[in-house]
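Chemist: got a predicted structure here, sequence first:
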Amino acid sequence: MNDLDKTSNTLYNQIKEILIAARTKAYSAINFAMVESYWMIGKQIVEVQGNNERAEYGTQQLKYLSERLTQNFGKGFTVTNLTYMRQFYNMYPIRHALRDELAWTHYRLIMRVNNEKARNFYIGLNVRT
């Protein structure tokens, strides 16, 4: 391999690392933007429904939202997922407590943990005993 090939290969590898880092950073930012949007959707639902999530009105409202959102934004807005978003907001009402390292699937798994201290431990919040 001559000097030009070595230099070109080194340059290529440096540019490759820059692009990989940029893609990783972009993916992380997009992922957290979606987590924040799901939190805000949950907040909107809670503010409109209050504590009446099991009432017939609330069920019909979620069905309506699911149909309209799916029509305009594609899959991911089932009644079940909207219910998760509502639950997400109720479990983490302080937006600044959200972690940008965690994806929506992480939060959905963590929400299954019944113990609040354990949930907070998993997402890295300070847990007081």
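Modeler: Cool, the structure landed. Numbers count the residues shown, from 1 in each chain.
Chemist: can you give me the helices for this protein?
Modeler: 3-49, 56-73, 79-91, 104-110, 116-123 (DSSP state H).
Chemist: of those helices, flag the one that's most buried.
Modeler: helix 79-91 (a mean of 18; mean count of other C-beta atoms under 10 Å). Using the backbone N, CA and C atoms, a C-beta is placed for each residue, glycine as well.
Chemist: show the pLDDT at the spatially most central residue of the chain.
Modeler: With distances taken as C-alpha atoms, centre = their mean, Val35 lies nearest the centre of the chain, 2.3 Å away. Looking at Val35, its pLDDT stands at 96.
Chemist: what's the answer for Thr129, then?
Modeler: On pLDDT, Thr129 comes in at 44.
Chemist: repeat for Lys43
Modeler: Per-residue pLDDT puts Lys43 at 96.
Chemist: give the contact list for it.
Modeler: By C-beta atoms under 8 Å, 6 or more residues apart in numbering, the contact list for Lys43 reads Tyr89.
Chemist: what's the spacing between it and Lys25?
Modeler: If you measure Lys43 against Lys25 using C-beta to C-beta, to the nearest Å, the figure is 27 Å.
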